[in-house]
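Asks: Return a 3D structure for these sequence lines:
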Amino acid sequence: MFKNTLVAITLTILALSAFAEDIRYQAKRIAPWTLHYPKALEPLPDGRLLVTEREGNVVILGGESRLVRVPLALPDLYVAGQGGLLDIALAQDFDLSGRIILTFSQGTETANHLAVATATLQNDTITGIDVVFSVSPDKDTPVHFGGRLAVLNDGTWLVSSGDGFDYREHAQRTDSQLGKILRIREDGAAPLDNPFYDTAPYIYSTGHRNPQGLAINEEAAVIYEHEHGPDGGDEINILRPGLNYGWPVATSGRDYSGARISPFTEYAGMESPLVDWTPSVAPSAMVFYNSDLFPGLKGQLLVTTLKDQSVIAVDMSTSPARKTKLFATINQRLRDIEIDRKGAIYVLTDGENATVLRIAPL
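Replies: Residues are numbered from 1 along each chain as shown. You can find the predicted model right below:
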């Protein structure tokens, strides 16, 4: 338990074009500075928060000074580089079942992959961990796992899978699940209406590098995805089943050495991004904001970034999309973003001594 962990910081939004007028907001630090390399957060219906930590813990935050750290017995958890316990989400019937969905890296230094598991949350315990899906093939790199989750209205799940860095050509291969958006049922089976079901039953879309953001506009039935480019070429795309999003054939980014990855920034038969960040901002997570609490943000995407250390509102209704930095005084590497049922914005910071900020109008 920790005391005095609810620290209120009142800040002013400065000349943001995303809003009809300047407003004041309050950012409350609702976690002590003892979150260790957190990866994702998820608000619970009762007001508590779940936060995953890379080493395999789920932290349950609730009340003004309450923190419970729950170590998970994840089979063959591989913690190295960008690997470890990654995303967390609630099953559609969570209110009845208490079921949660997790992603984590599994295996060894020479043979590892992304895995998806289900479990049950009851009070402060997590039990019944069951691995339902594993990405293939194995790789021997500790980076580019992807690992983001998003549930669709039909109860199936999208899972982002990175290209493994040294395996980027796999993003164009349908005999590999690397560099893809995958679609699974909650029990790990492949939905029969997946676009390549007969030959590659789990693949939803191809040509991705390291997808870290999945957000859904449920009213319009639009799925947004963002991913890290190399040096430049960070993207936001609208996902549609069966389409190819270009990596590494078409990209605005360059290799970290400065070398060109491809002569093409666009290519016939491949989707061009709706938003391109060159130079990179390193997008880490994304939500679609559809609440009246911040009316000036309604209908926009909110993107957290690592390199740019900001929250960026992206208005997809304009052409080109309008990008506006929010909450400029936060100025930290940001790992995840979520919205609670009241419309408050939760932002998870990054690193060894991380925290959670709750942002709402003052």
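Asks: how many neighbours does Asn194 have?
Replies: Asn194 has 19 neighbouring residues, counting by other C-beta atoms under 10 Å. C-beta: built from backbone N, CA, C; applies to glycine.
Asks: didn't it look like it was pressed against Ile203?
Replies: Yes. Here Asn194 reaches Ile203: they are 6.8 Å apart, a contact under C-beta atoms under 8 Å.
Asks: overlap in contacts of these two?
Replies: Shared between the contact lists of Asn194 and Ile203 (criterion: C-beta atoms under 8 Å, 6 or more residues apart in numbering) are residues Arg183.
Asks: What sits closest to Gly213 if chain neighbours are left out?
Replies: The shortest distance from Gly213 to any non-neighbouring residue, by C-beta to C-beta, 6 or more residues apart in numbering, is to Met286 (3.3 Å).
Asks: quick one: pLDDT of that neighbour?
Replies: Looking at Met286, its pLDDT reads 98.
Asks: now do Ile23
Replies: pLDDT, read off for Ile23, is 65.
Asks: try Gly63
Replies: pLDDT at Gly63 comes out at 62.
Asks: Please state the offset of stretch 312-327 from the chain centre?
Replies: 18 Å (C-alpha atoms, centre = their mean, to the nearest Å).
Asks: can you list contacts of that stretch?
Replies: With C-beta under 8 Å, 6+ apart as the test, stretch 312-327 has contacts from 11, 13, 16-18, 25, 27, 224, 236, 274-275, 281, 289, 297, 299-303, 305, 308, 310-311, 347, 359.
Asks: Narrow these to those that are buried.
Replies: 13, 16, 18, 25, 27, 224, 236, 274-275, 281, 289, 297, 300-303, 305, 308, 310-311, 347, 359 (16 or more other C-beta atoms under 10 Å).
Asks: Which residue ranges of the stretch 1-150 of the chain form strands?
Replies: Residue ranges of the strands in the stretch 1-150 of the chain, as given by DSSP state E, counting those that start in this stretch, are 7-12, 24-29, 38-43, 49-53, 57-61, 67-71, 85-90, 99-107, 112-122, 125-134, 146-151.
Asks: these two touch, right, Val68 and Asp124?
Replies: Yes. In this structure Val68 lies within contact range of Asp124 using C-beta under 8 Å: 4.8 Å.
Asks: Overlap of the contact sets of these two?
Replies: With C-beta under 8 Å, 6+ apart as the test, Val68 and Asp124 both reach Ile60.
Asks: Would you quantify the distance from the nearest residue to Ala354 once chain neighbours are set aside to Ile236?
Replies: Closest residue to Ala354 apart from its sequence neighbours, by C-beta to C-beta, 6+ apart: Leu35 at 4.2 Å. Separation of Leu35 from Ile236 (C-beta to C-beta, to the nearest Å): 27 Å.
Asks: tell me which element the spatially closest residue to Val132 that is not a sequence neighbour is part of?
Replies: Spatial nearest neighbour of Val132, excluding adjacent residues (C-beta to C-beta, 6+ apart): Gly188 at 3.2 Å. Of the helices and strands defined by DSSP states H and E, none includes Gly188.
Asks: Can you pull the phi/psi pair for Gly188?
Replies: Backbone torsions of Gly188, given as degrees, to the nearest 10, read phi 90, psi 0.
Asks: what is the closest residue to Tyr267 other than its chain neighbours paired to in the beta sheet?
Replies: Nearest non-adjacent residue to Tyr267, counting by C-beta to C-beta, 6+ apart: Ala250, 4.2 Å away. When bridges are called by DSSP bridges, Ala250 pairs up with Phe264.
Asks: list the buried ones in stretch 133-148?
Replies: Within stretch 133-148, the residues scored as buried using 16+ other C-beta under 10 Å are Phe133, Val135, Lys139, Thr141, Pro142, Val143, His144, Phe145, Gly146, Gly147, Arg148.
Asks: now stretch 61-71
Replies: For stretch 61-71, the neighbour count (16+ other C-beta under 10 Å) marks Leu61, Gly62, Leu67 as buried.
Asks: try stretch 71-85
Replies: Across stretch 71-85, burial judged by 16+ other C-beta under 10 Å covers Leu72, Leu74, Leu77, Tyr78, Gly81, Gln82, Gly83, Gly84, Leu85.
Asks: tell me which residues form a beta bridge with the last one?
Replies: Read that as Leu85. Beta bridges link Leu85 to Phe104 when assigned by DSSP bridges.
Asks: you'd agree it is up against Thr52?
Replies: Yes. With contact defined as C-beta under 8 Å, Leu85 counts as touching Thr52 (4.8 Å).
Asks: Need the residues touching each of those two.
Replies: Residues touching both Leu85 and Thr52 by C-beta under 8 Å, 6+ apart: Lys39, Val58, Leu102.
Asks: now the buried residues of stretch 71-85 in TSV, with pLDDT and distance to Glu352?
Replies: Below are the buried residues of stretch 71-85 laid out as TSV (pLDDT from 0 to 100; distance: C-beta to C-beta, whole Å):
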residue	pLDDT	distance to Glu352
Leu72	98	20
Leu74	98	21
Leu77	98	19
Tyr78	98	20
Gly81	98	15
Gln82	98	15
Gly83	98	16
Gly84	98	13
Leu85	99	16
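Asks: before we move on, the earlier item: in terms of distance to Val159, which of the buried residues of stretch 61-71 ranks first?
Replies: For the buried residues of stretch 61-71, the residue nearest Val159 by C-beta to C-beta is Leu61; the value is 25.4 Å.
Asks: Could you tell me how far that closest one is located from Thr103?
Replies: Computed as C-beta to C-beta, the Leu61 to Thr103 distance reads 20 Å.
Asks: That's all I had, so thanks and see you.
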